[in-house]
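Engineer: what shape does this take:
(2 chains)
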Amino acid sequence: MKLLDIALKDLLQSSRTLSIYIFMFVIPIGVTLLFFFMFGSVTGNGDSNFELPQTSIVIVNLDQGQLNDLPGFVPPSQDVLGLNPDSASNMGQWLITLLESEPFQDLMIVSEERSTAVAKSMVDQSEVDLAIIIPENFTDVLTQSGDQATVEIYQDPALTFGPAIVESILGQILDAFSAAKITSLVTLEQLATAGVPIDGAVVEAVINEATAMAANRTGAGSGAGFGLVEIESISDSDEPDNIITEIVGSILGGMMIFFAFFTGSAGMETILTEEERGTLPRLFTTPTTHREILSGKGVAVIVTVTVQVAVLMFFGRLVFNIDWGSTPTTLLAAAGIIIMSVSTGLFLVSWLTNTRQSGIVFGGVLTLTGMIGLIGVFTAGAPNQPEAIQTISLLVPQGWAIHGLVISMDGGNVIDLLPIFGGLMVWSFVFSFIGQRRMRSRFA
Amino acid sequence: MSPSEAITVTDLYKHFGDTKAVDGISFSVQQGEIFSLLGPNGAGKSTAISILSCLQQPNRGDASIMGRSVLQDPQAVKSFIGVVPQEIALYEDLSARENLSFWGKMYGLRGQLLRSRVDEVLILIGLTDRQKDRVGKFSSGMKRRLNIGIAFLHQPEVIIMDEPTVGIDPQSRRHILEGVKSMNEEGVTVLYTTHYMEEAQELSDHIAIMDFGKIIASGTHDELVKLVGEQDRIDIGLSSPEASVADKWGDLEGVSQVTINEDTVTVLAEDSNLTLPRLFEMAASAGLRINSVEIQEPNLETVFLHLTGRGLRD
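Structural biologist: Reported below is the predicted structural model:
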């Protein structure tokens, strides 16, 4: 009962200060609106005029290879790639034709340039967003064994979102090319070893099959073109199944976790404030236990963080139609974030001796751990993220929190989420235990 | 411990590194009396109070309140006591009534009992008219009164007051002292710390004088004054007192102690009427100019000076 009395007292006090409204409403709504102005609305309600931002690209094709000169080369059939092989003399040209094709026309405006220097100069002068330099040995490397080719991407560093999409698409295409090459070579080698006579028909069949498999790997069905990014008409879909919604959802989720942890710590800072004002020592002279006092303060902060998270989730859904997951998994993921943020606050506060230290410590520790934990969000645009990024993020509680949220957003169920939630509870228990022990040692 | 003892302190020690804040003190307070710990700042009074309030644990020794040990049964001790901290410990964002209600709940009061006790305390501290105002808008004196009112919300057996009159105007101080007397008349035991000799003298049934963590004397006011005999205290303001003055004046018959503090020489003498003319003569022959003379009857200040060679406010 005293626990609730303390929580209510803290909330009553907070309600008479401006900061509580900033934490609970202004920050989450402000962040959502900020993203709205950055990316526009993706509400999917039929009234939306949202369009993906087009990225202007200049491509320099230095590829010297000639497909038709290759001995035994048989181009993949049109129904697999959706391209006319007659129009491409080498793989570089093929790549350009692919990027100019209809599926990508809404995403990028492609132009060609002969000189690398001119192309880069166009990026420097903001005439285009991105330059792609296809190397001389591009065709050779993709059609023969050995060696390595590097496709250079030169971009305006001030732009992140559009170039990131192009970079991701390019990475998938090149992966598909590489996969088709390796599959073909290995298959032909195995056939030769098995004594199967290799003729033009066999080579064509193998290349067609390998290319089809590579196309499928990128998510496209046979005959549907590469389909690397499926862009459905938003007005025809109830689901926010598009890349920008996923990225905005991921970033918004990361911001939500960052703010929740900061609010949790700032909220628990009232322990220090009360200590400095003498009310905490006075509380300890009443027949109220340490646990009741600290838990009561924790409950007040939980309420604050819960409102903040709920407001941000609500506005994220309202403005961007972000699917946070099913109700049970969303609640579980949010509960993990909230409990973790409050116990982190108690842990941090227990190491401080006064409120003058809190700004530096909260800022430093929460920014550093936040960046580690949310590294997957920051690198969301990068193709082929290494597994190590996921592992590194789990070194801090924020990493567990974002993992739980991602599982929920990816459609996972409660069972899928339980290991992460359990991990968060272990973190919370350890932090709360240490925090309570340290706070208790300050008073008899 | 006698059944009539409200507080018993036995051989209590509290050290902070090399600093002996409380250095082996023992005393007892009878139920229904006002007991003052008198001493200068840094004497160890507040540390002793912290231990009795269960805020700190002693390095050695024990203390009990109403028969319950502060070490073994702190929760029971806390239910018997009301603590008035030296610093004002209130929630300035809340009103006077909200503060009292919250602290009342912390002492276990609920419902109608809580409401009636809050009303009674508001009347007692004279803040009924301002009960809905936020404490942040109160004067220092009003905050002090509320600070004290919280301590007797739950009608404790013992009230522990740590220098409750520091930094307030004479009117509020008078209000507080009258309140302490009033509580005591209702049977509440009061443990009061102060470095104001006048307060200890006015309020206390028993006084313990503390210095450097030790109790250097204790007893009733009269018993303590007798420690210095019937000596008068003579404060003489000199233009430029020299150390040799203390030696020469100390040799005079009837003078027990001479101390110099800046421009003032303090002399403890059996009879100021006999001693003063001789002091004037010696000052004149030494070429010293006397700027002021003040004679005091024996009091606690004199006792402290006699015991330590220093004034209470040094």
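Engineer: now for residue A:442: which residues touch it?
Structural biologist: residue A:275 (Cβ atoms under 8 Å, 6 or more residues apart in numbering or on different chains). C-beta coordinates here come from the backbone N, C-alpha and C atoms, glycine included.
Engineer: typo on my end, it should be residue A:332
Structural biologist: Counted by Cβ under 8 Å, 6+ apart, residue A:332 has contacts A:404, A:408, A:414, A:417, A:418, A:421.
Engineer: give the buried subset of those residues as a ChimeraX selection command.
Structural biologist: Buried members of the contacts of residue A:332, defined by 16 or more other Cβ atoms under 10 Å in any protein chain shown, are picked up in ChimeraX with:
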select /A:404,408,414,417,421
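Engineer: now check stretch B:33-49, is it near chain A?
Structural biologist: No: taking Cβ under 8 Å from any Cβ of the partner chain as the criterion, stretch B:33-49 and chain A are apart, separated by no less than 9.9 Å.
Engineer: in stretch A:16-27, what's buried?
Structural biologist: In stretch A:16-27, counting by 16+ other Cβ under 10 Å, buried: A:20, A:23, A:24, A:27.
Engineer: against residue A:6, how distant is the nearest residue to the last one once chain neighbours are set aside?
Structural biologist: Right, the one you point to is residue A:27. The spatially closest residue to residue A:27, leaving aside those adjacent along the chain, is residue A:259, at 5.5 Å (Cβ to Cβ, 6 or more residues apart in numbering or on different chains). For residue A:259, the distance to residue A:6 equals 24 Å [Cβ to Cβ, to the nearest Å].
Engineer: before we move on, what about residue A:344?
Structural biologist: 20 Å.
Engineer: hang on, residue B:237 in a strand?
Structural biologist: Yes: assessed with DSSP: H, G, I helix; E, B strand; the rest coil, residue B:237 lies in a strand.
Engineer: from what I see, it and residue B:288 are in contact.
Structural biologist: No: using Cβ atoms under 8 Å, residue B:237 makes no contact with residue B:288, being 10.5 Å away.
Engineer: neighbour count: these two, which is higher?
Structural biologist: Legend: neighbour count by other Cβ atoms under 10 Å in any protein chain shown for residue B:237 and residue B:288, higher for residue B:288 (18 against 15).
Engineer: list the residues that contact the nearest residue to the more buried one once chain neighbours are set aside.
Structural biologist: In this structure, residue B:288 finds its nearest non-sequential neighbour in residue B:238, 5.2 Å apart by Cβ to Cβ, 6+ apart. Going by Cβ under 8 Å, 6+ apart, residue B:238 touches B:245, B:263, B:264, B:265, B:283, B:288, B:289, B:290, B:291.
Engineer: now the buried members of those residues.
Structural biologist: Counted by 16+ other Cβ under 10 Å, these give B:245, B:264, B:265, B:283, B:288 as buried.
Engineer: got a markdown table for the residues you listed, with distance to residue A:245 too?
Structural biologist: Formatted as a markdown table, the buried ones among the contacts of residue B:238 follow (distance: Cβ to Cβ, whole Å):
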| residue | distance to residue A:245 |
| --- | --- |
| B:245 | 91 |
| B:264 | 83 |
| B:265 | 88 |
| B:283 | 96 |
| B:288 | 93 |
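Engineer: which one among the residues you listed gets closest to chain A?
Structural biologist: Closest to chain A out of those is residue B:264 (36.1 Å), distances taken as Cβ to the nearest Cβ.
Engineer: residue A:98 and residue A:173 touch, don't they?
Structural biologist: Yes: in this structure, residue A:98 is within contact of residue A:173 by Cβ under 8 Å, at 6.4 Å.
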